[in-house]
Structure formats: C-alpha cells, structure tokens
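Q: only geometry, no sequence info:
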C-alpha cells in the first residue's frame, strides 16, 4: 500500500487554510488600523500638551481674553523650543503615496490653535497657520 495523501485530502487542507486566511487577514488589518489611530491620537495629545507647556512659560503670548480670540503655535516652534522630540512628531498613520490627508505626511507639521471661549482651548489642526502667538 502506498503512503501519502490523496488529491482530495490536499485540496481539503488548502480550502481550510484559505478560509482561515479569509477570516484572519481582515481582523489583523483592523487591529493594525486601530493601533495606528490610537498612536495618532496619543501623538496629538503630546503635541497639544507641549503647546500648553509652551504657553504657560510664555503667557504673555496668549490671545486676549475676548471670546473668539485665537492664535496658534506651529509644531516647528514647539520643537525649536525643546518641547517636542523628533519621535513626538512622527505620524503613525503615514503611508507612502497615499492621497488621504492624515496619511500624506511622515511628520506632524500642523499647528495647535489656542482659542479663548470662557477658557483657553487647545486644538491640533493639520495645517500651518499664519496667526502665530
């Protein structure tokens, strides 16, 4: 009697492996995308925190306490002030040759907008601004 596998057995194994791959690959991709989103949000919090520190050290540059008044800090300014390291401005969502706005830039190169509306609010935007504090 010959030892080995029949063609039907081999095809069965290939089908089972294909089904496992069809289930596993989308799940893995979703987990990777979720981790990139969390890392992106953490980087934004780090940049906003650096802006808050910068403004606490340079409080004279804060916008006036008139509702709606605002100014902004570019990420480059925060890095030059020593509040951000190069690792803090790496974009975890970066994908080479992507046309999506959040995936196009390897580093964060936007600004933190500081607006006064009964209190100072800090928000990151993915663009540089001209109304620097």
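A: Nice, I can see it. Owing to the predicted nature of the structure, the values given are computational and were not obtained by experimental measurement.

Q: center of the protein, which residue is that?
A: residue 40 (2.2 Å; C-alpha atoms, centre = their mean).

Q: where are the low-confidence patches of the protein?
A: By pLDDT under 70, the weakly predicted segments of the chain are 1.

Q: which residues in it form helices?
A: With DSSP state H as the criterion, the chain has helices at 7-57, 75-80.

Q: Other residues contacting the last one?
A: Identification of contacts with helix 75-80 by C-beta atoms under 8 Å, 6 or more residues apart in numbering yields 47, 50-51, 54, 84-86, 89, 107-112, 128, 132. (Each C-beta comes from the backbone N, C-alpha and C, glycine too.)

Q: 6 Å - rerun?
A: The contact list for helix 75-80 (C-beta atoms under 6 Å, 6 or more residues apart in numbering) reads 50, 54, 84, 89, 108-109.

Q: now swap in stretch 88-99 and tell me
A: Stretch 88-99 is contacted from outside by 36, 39-40, 46, 75, 102-108, using C-beta under 6 Å, 6+ apart.

Q: show me what contacts the residue nearest to residue 66 when sequence neighbours are not counted?
A: Nearest residue to residue 66 in three dimensions, chain neighbours excluded: residue 116, at 6.6 Å (C-beta to C-beta, 6 or more residues apart in numbering). Taking C-beta under 6 Å, 6+ apart as the contact definition, residue 116 lies against 63, 65, 69.

Q: are any of those buried, and which?
A: Neighbour counting with 16 or more other C-beta atoms under 10 Å marks residue 63 as buried within the contacts of residue 116.

Q: Excluding sequence neighbours, find me the nearest residue to residue 112.
A: residue 51 (3.8 Å).

Q: Near that neighbour, how many other residues are there?
A: Neighbour count of residue 51, defined by other C-beta atoms under 10 Å: 27.
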